[in-house]
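A.B. asks: Give the three-dimensional model of this entry:
(one chain, ligands or ions: 1)
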Amino acid sequence: MISEKMTAALNQQIVLEGYASFLYLSMASWCDKQGLEGCSQFMHRQSSEEWEHMLRLFRYISEVDGHALTPAISQPPHEFESVQALFQQVYEHEQKVTNSIHKLMHLATSENDYATVNFLQWYIAEQREEENLMRGILDKMKLIGDGPQSLYLIDNELALINKAELANEAK
Ligand code: OFO
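C.D. replies: Next comes the predicted model:
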């Protein structure tokens, strides 16, 4: 059976994943208002992914006889300085999630909770992929620059990345 300390820490992670889902949903809406359809679709997909990450934790806690708690999710910001600043914020949020997953892994290891260690491996791989994806997007934005056509090019680029991600998920 899972310890109370481990359960509480996993419930905290539920809050973080739920917040990520709401934050990305808010970003999708902002992008949509700017006419950035590709970016909006990308953020909608990211938001759904985060929701699934939250549910995965929820189901796991129940499976190991803990008590999964429905999180209180604070309202994310609705305004963003620019599309570049928005993606920088996504990257930073993903880094925060990665740190949190690493702390969970540390706790699970110190408690010899091998079931949770095994469960968390998936999140470690996922975070590595997510950080890599966001870094790639930020690098592309730097290459495109912020000239007059940049928003159009960035949006097209994000639509392509989104398409590739959807194809990956379908595999
Ligand atoms: Fe679930 O936080 Fe990223 O992927």
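A.B. asks: list the contacts for the spatially closest residue to Leu107 that is not a sequence neighbour?
C.D. replies: Once flanking residues are discounted, Leu107 sits nearest to Ala9: 5.7 Å by Cβ to Cβ, 6 or more residues apart in numbering. No exception for glycine: its C-beta is placed from N, CA and C like everyone else's. Neighbour list for Ala9: Lys103, Leu104, Leu107 [criterion: Cβ atoms under 8 Å, 6 or more residues apart in numbering].
A.B. asks: SS state for Ala9?
C.D. replies: Three-state assignment for Ala9 (DSSP: H, G, I helix; E, B strand; the rest coil): helix.
A.B. asks: surely Glu17 meets Glu49?
C.D. replies: No - Glu17 is beyond contact range of Glu49, at 9.5 Å (criterion: Cβ atoms under 8 Å).
A.B. asks: For these two, indicate the residue with more neighbours.
C.D. replies: Glu17 (24 against 18; other Cβ atoms under 10 Å).
A.B. asks: who's in contact with the closest residue to the more buried one other than its chain neighbours?
C.D. replies: Excluding the flanking residues, the one nearest Glu17 by Cβ to Cβ, 6+ apart is Met54, at 3.9 Å. By Cβ under 8 Å, 6+ apart, the contact list for Met54 reads Ile14, Glu17, Gly18, Ser21, Pro71.
A.B. asks: out of these, which one sits closest to Phe58?
C.D. replies: Nearest to Phe58 among the contacts of Met54, counting by Cβ to Cβ, is Ile14 at 6.1 Å.
A.B. asks: Tell me how far the residue nearest to Leu107 lies from the ligand.
C.D. replies: Taking Cβ to the nearest ligand atom, to the nearest Å as the criterion, Ala9 is separated from the ligand by 15 Å.
A.B. asks: State the pLDDT value of that residue.
C.D. replies: Each residue has a pLDDT score; the one for Ala9 is 98.
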